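> give the three-dimensional model of this entry:
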Amino acid sequence: MESEIVDTRFSNQNMTNVDSENDTETPNDDTNENITDVDSEIETETPSDDTKKRDKKKRKNEDPGIVYLSRIPPLMNVKIIRNMFSVYGDVGKIFLQPDDKAANTKKGRMFTEGWVEFEDKKVAKSVATKLNSKQIGEDETINELQRRMAAMFGKEKALFVPTGTMGNLLSMCVHCPSRGEEAILGSRSHIFVHEQGGIAFIAGVLASLIENKPDGTFDIEIMKQRIRQIDDPHFPYTRVVCLENTHNFCGGKVVPLSFMEEVYNIAKSANVNVHLDGARVLNAATALNVPVKDILKHTDTVNMCFSKAGGILAAAAMYALDNVLPRLHLDHEHAKELSKGIMASHNDLVNIDLSGVHTNIVFITMLKDNVPSQILHDRLLQITEEEKRELGDVVIVKTVVYSDKLLRFVLHNDVSSDDVELTKKKFQFILQEIAEKMK
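All right, here's what the predicted structure looks like:
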C-alpha cells in the first residue's frame, strides 16, 4: 500500500458487536464512527450461537486491537493485506469497504477504507505507530532502515525513497544544484538508458557519455579529458562522475574496485563527486567477498535498490538484510550452474559467455538469424504435453528479450536448487526441439 496508508488510527476498543440481521461482526459503536454505513454490504457465513459465545470469550481473553486504514489503493484484497500485516503478529478479522462505497479522487482513482484486527492489542498499537506520520519522518520502521543502511554503507545518512530511479535522480540534483551542469556517465548506464531522461528533463543535467567496455568500465583517459571546469559561460561545469556496480546492461558484471578507486581519486583531485548506481551493489559485494563499505568508500553517494515501492516495504527490506543477503551467493552459484547446464547441450542455437557470469544475471546470445530471442522467450513460457511426458516435473521460465540476439534471465531468492535442475532440463529439451524443427 506504500504511502497510500495515511490517517491510520489505533483503537483499543474490543470488537464485540454482532449484527444479527446481517450476520456480520463489526466494531462497536465507539469505533464504528470512522466507517460509514457499510455494514449491510458485508456478506459472511452465519455463525452459530456456540461460535458467537466462543469468539466473544476468545476476544475478551485476548483483548485484541484494531488498526484503521484509509486510502487503501485499488486491487488490494483481504489476502494481500493479511499477508502484509502478518509479519507483525497474528491477524484476526479484516474489513474492506465495498467498492460502491469507495471514494474517487480527482483523477478517478478509487480508494477504500477498512480495518485490521490484531489478536494482541500491543501489536496493533505498534503497527499503528509504525504506519503513522510518514510525511514528517516519524515512521520508525523507515527511520530504523535508514540508520541501518547508513551504518552498513559507511555514509553519514541514508534516505528511503520509492524507486531506484528516484534515488539516482535525487543524487544528480544534489551533485548538480544549478541547471545546465554536467554529469559523466557510461553509454550503457541505467541512468542514461532506462530512466526516461530524467536527469535532463527534471534536474537539467547534461549527460556526457563515455562508451562502456564489456566489463562495465570505461576509458579513464577519456574521462580526464571530459572533465570541464572552465570559468566560461559557453561550457557546462562538470560536477559528478556516475558509475554502476554491478553493471546491468553489461550482463551483471562486477566493476573492479581498482577501477572505482582510480576514478574516485581522479575525480576528487578535480573537485568532482562520484555517484554509484548501486542498485545491485550487494551482489557486487557478495561476488567480491568484501564488505559493501569497501566498495562505497570510492563514492560520495550511492543508490541501492530493495524494490520499486515504499512505506511498509521497509520491513520487507530489513527482512531481506537478515534472511536474503546471507544466502545471496546461492543466486550466483545457481546462475553459473544453470548457464553451464544450458551450454552442456552442445547446441548451435545459443551461446553463454560462462566467464562473464559474475552474479545472478545471465545473457543468452542467439546464434541463428532465423531463431530470434523472442522465439525462445515465448517457448519458455509454455508447457506442452510432450514436454510433460518427457520431463515429468515441468516449470515456466520467465526471461526478458533485450534484442533479436539477446535474452536475459535472473536468478533470485525464490529459485531453489531443484528449480535450477528443472529449468536446466527445460532449456535442453526446448533447444533440442527447436533444432529438430530446423532440420
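> export the lengthiest helix in the chain to PDB, keeping only CA atoms.
Under DSSP state H, the helix in the chain containing the largest number of residues is helix 417-438. Backbone C-alpha positions of helix 417-438 (Å, rounded to 0.1, in the frame of the first residue of the first chain) are rendered in PDB as follows:
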ATOM      1  CA  SER A 417      18.400 -25.800  -6.500                       C
ATOM      2  CA  ASP A 418      15.500 -28.100  -7.600                       C
ATOM      3  CA  ASP A 419      14.100 -25.300  -9.700                       C
ATOM      4  CA  VAL A 420      17.500 -24.800 -11.300                       C
ATOM      5  CA  GLU A 421      17.600 -28.500 -12.300                       C
ATOM      6  CA  LEU A 422      14.100 -28.300 -13.800                       C
ATOM      7  CA  THR A 423      15.000 -25.200 -15.700                       C
ATOM      8  CA  LYS A 424      18.200 -26.800 -17.000                       C
ATOM      9  CA  LYS A 425      16.200 -29.700 -18.300                       C
ATOM     10  CA  LYS A 426      13.600 -27.400 -19.900                       C
ATOM     11  CA  PHE A 427      16.200 -25.400 -21.700                       C
ATOM     12  CA  GLN A 428      17.900 -28.500 -23.000                       C
ATOM     13  CA  PHE A 429      14.600 -30.000 -24.100                       C
ATOM     14  CA  ILE A 430      13.500 -26.800 -25.900                       C
ATOM     15  CA  LEU A 431      16.800 -26.300 -27.700                       C
ATOM     16  CA  GLN A 432      16.700 -29.900 -29.000                       C
ATOM     17  CA  GLU A 433      13.100 -29.300 -30.000                       C
ATOM     18  CA  ILE A 434      13.900 -26.200 -32.000                       C
ATOM     19  CA  ALA A 435      17.000 -27.800 -33.600                       C
ATOM     20  CA  GLU A 436      14.800 -30.800 -34.800                       C
ATOM     21  CA  LYS A 437      12.300 -28.400 -36.300                       C
ATOM     22  CA  MET A 438      15.000 -26.700 -38.300                       C
END
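> how far does it sit from its chain's centre?
Its chain's C-alpha centre and that of helix 417-438 lie 29 Å apart, by C-alpha atoms, centre = their mean, to the nearest Å.
> can you name every helix or strand that it contacts?
Using 3 or more C-beta pairs under 8 Å, 6 or more residues apart in numbering; DSSP states H and E as the contact test, the elements touching helix 417-438 are helix 328-343, helix 373-380, helix 385-391. (Each C-beta comes from the backbone N, C-alpha and C, glycine too.)
> packing partners of the first helix or strand past the longest one going along the chain?
The element immediately downstream of helix 328-343 (helix or strand, assigned by DSSP states H and E) is strand 350-351. In terms of contacts (3+ C-beta pairs under 8 Å, 6+ apart), strand 350-351 is packed against strand 361-366.
> pLDDT (mean, whole number) over the strand it packs on?
For strand 361-366, the mean per-residue pLDDT is 96.
> neighbouring contacts of that strand?
Here strand 361-366 makes contact (C-beta atoms under 8 Å, 6 or more residues apart in numbering) with 246, 248, 251-252, 335, 338-339, 342, 349-353, 356, 372-373, 376, 399, 402, 404-411.
> can you give the strand pairings for it, parallel or anti for each?
Note on strand 361-366: by DSSP bridges, its sheet partners are strand 350-351 (antiparallel), strand 406-410 (antiparallel).
> can you get me a residue count around Met366?
20 (other C-beta atoms under 10 Å).
> what's opposite it in the beta bridge?
Residues in a beta bridge with Met366, per DSSP bridges, are Val350.
> would you confirm that Leu257 contacts Leu296?
No. Using C-beta atoms under 8 Å, Leu257 is not in contact with Leu296; the gap is 10.6 Å.
> which one's more surrounded, these two?
Neighbour count, other C-beta under 10 Å: between Leu257 and Leu296, Leu296 has more, with 22 against 16.
> do you know the pLDDT at Glu25?
Predicted confidence (pLDDT) for Glu25: 38.
> next one: Pro73
For Pro73, the predicted pLDDT is 69.
> next, the buried residues of the longest helix of the chain.
Neighbour-count burial for helix 417-438, counted by 16 or more other C-beta atoms under 10 Å, picks out Val420, Leu422, Thr423, Lys424, Lys425, Lys426, Phe427, Gln428, Phe429, Ile430, Leu431, Ile434.
> and the helices and strands packed on helix 417-438 as JSON lines, adding mean pLDDT and mean neighbour count?
Putting the helices and strands packed on helix 417-438 into JSON lines (pLDDT from 0 to 100; neighbours: other C-beta atoms under 10 Å) gives the following:
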{"stretch": "helix 328-343", "mean pLDDT": "97", "mean neighbour count": "18"}
{"stretch": "helix 373-380", "mean pLDDT": "95", "mean neighbour count": "17"}
{"stretch": "helix 385-391", "mean pLDDT": "94", "mean neighbour count": "12"}
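> nearest to Met318, of those helices?
helix 328-343 (15.4 Å; C-beta to C-beta).
> could you report the neighbour count for Gln196?
Neighbours of Gln196 using other C-beta under 10 Å come to 10.
> just say helix, strand or coil for it.
Following DSSP: H, G, I helix; E, B strand; the rest coil, the label given to Gln196 is coil.
> skip the chain neighbours and tell me the closest residue to it.
In space, and not counting its chain neighbours, Gln196 is closest to Thr165: 7.6 Å by C-beta to C-beta, 6 or more residues apart in numbering.
> now Lys122
Of all residues not flanking Lys122 in the chain, Gly65 sits nearest, at 7.6 Å (C-beta to C-beta, 6+ apart).
> understood, closing this out.
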